[in-house]
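J.: predicted model, plus sequence, below.
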Amino acid sequence: MRKLISAALVGLALAATSALAHADEKKVVIAYQTGANPYNLGIANGDLAKKTGWNIEFRRFNSGADIFAAIASGDVQIGDVGSSPFAAAVSKGIDVKAFYISSVSRDGEALVVRPDIKTPADLRGKKLAAAPVSTDHYQLLAVLKQEGISEKETQVIAIPQPEIVAAWKRGDIDGAFVWDPALSELKKNGKVLLTAGQVADRGAPTFSALVVTGKFAKANPDFLGQYVRLVDGYTTSYLSNPATWGPESENAKAIAKLQGGTAAENSEQLKTTVVPPLDEQASDKWLGGGDKSAVAKILKDTAGFLKDQKKITTIKDSYASAADPRYVEAAKASN
């Protein structure tokens, strides 16, 4: 009898171990940042985790640089990041690839300044801020370069967005390149000098993307295709029925609870979000086409700028491996 009981206990232990191992296999840590994106609703209400059937831990970070530090340490497998920290990470040899373009920088990011600053040329001698190695940091430096303003002629400090808001309120800085909710805060008594879209049109385009480690992508291709379909579904929902994302909507209230600000502010911010349709994402306009892809080209151009600014030391010959359209194509096929 004891032998039978022992055998049963061993069997139960093995079953429990197997179940735990299976659960671990379906666990993923996904990093996100504040910002205007419809899929934040799926983080807020838990639906992204429920619909995938995975144990998803969403972690909030203040910058893409912080996300890549977590990816490099093995703590995070997927993250929503800007093209500037993305270019820096790939240049440093971190094995990550973009699998979905979560937004194209236009009006949702901007350089906000004190009212006495009238033109970009007036930035000379001013104290400015941006999140470290962010797309905003890249675009701020690009503006100064475009205006022929050297580093010695102005001061640029790289600090997280919460610190930027505090510095602005104290009067410590004259301007900052930021995204929401910091953008809304600075606009209360500042003015937009240039939007990210305008800086892109001046020659420094940026984007944000969901990136994944090479190891996780290789092991879980089905999950990535499913995740893209779900994330893109929120954008489709917003575009097809914007009224359900209005200032009094439950959707806007849920996003506000997740990332701060009022429902009305978050609803207004969503209007600035530009997400390319899946057909475009799969083409060389974004993820497809290898070296011809927009992602590969922007990353290489950004890396060149970052090297000039001494933010990185090496530029890769090609950034094509950092863009993978297969999961967008899989999401398209399952729609």
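T.: Yes, it's here. These numbers were taken from a predicted model, which means no experiment stands behind them. Numbering: from 1, shown residues only.
J.: and the strands in the stretch 151-300 of the chain?
T.: When secondary structure is read from DSSP state E, counting those that start in this stretch, the stretch 151-300 of the chain shows strands at 155-158, 175-179, 191-195, 207-213.
J.: biggest strand in this structure by residues?
T.: Scanning the chain for the strand with the most residues, using DSSP state E, yields strand 96-104.
J.: after that strand, next one along is what?
T.: Where DSSP states H and E defines the elements, the next helix or strand beyond strand 96-104 is strand 109-113.
J.: adjacent strands (with direction) for the next helix or strand after that next one?
T.: Using DSSP H and E, the next helix or strand after strand 109-113 towards the C-terminus is strand 127-130. When pairs are called by DSSP bridges, strand 127-130 turns out to pair with strand 155-158 (parallel), strand 175-179 (parallel).
J.: right, and those - which one's nearest Arg114?
T.: Across the strands paired with strand 127-130, Arg114 has its closest neighbour in strand 175-179 (6.6 Å, CB to CB). For the C-beta atoms, the positions are set from N, CA and C on the backbone; glycine is no exception.
J.: the closest residue to Asp75 other than its chain neighbours pairs with what?
T.: Nearest residue to Asp75, sequence neighbours excluded (CB to CB, 6 or more residues apart in numbering): Val29, at 6.3 Å. Listed beta-bridge partners, Val29: Glu57 (assigned using DSSP bridges).
J.: how close does Val29 sit to Gly225?
T.: In this structure, Val29 and Gly225 are separated by 19 Å, where distance is defined by CB to CB, to the nearest Å.
J.: for the longest strand of the chain, packing partners?
T.: Of the remaining helices and strands, those touching strand 96-104 by 3 or more CB pairs under 8 Å, 6 or more residues apart in numbering; DSSP states H and E are helix 83-91, strand 207-213, helix 214-219, helix 221-240, helix 326-334.
J.: dump those to JSON lines, plus mean neighbour count, mean pLDDT and distance to Thr273.
T.: Formatted as JSON lines, the entries for the helices and strands packed on strand 96-104 read as follows, by neighbours: other CB atoms under 10 Å; pLDDT from 0 to 100; distance: least, CB to CB, whole Å:
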{"stretch": "helix 83-91", "mean neighbour count": "27", "mean pLDDT": "95", "distance to Thr273": "16"}
{"stretch": "strand 207-213", "mean neighbour count": "26", "mean pLDDT": "97", "distance to Thr273": "10"}
{"stretch": "helix 214-219", "mean neighbour count": "14", "mean pLDDT": "97", "distance to Thr273": "25"}
{"stretch": "helix 221-240", "mean neighbour count": "18", "mean pLDDT": "97", "distance to Thr273": "8"}
{"stretch": "helix 326-334", "mean neighbour count": "19", "mean pLDDT": "94", "distance to Thr273": "18"}
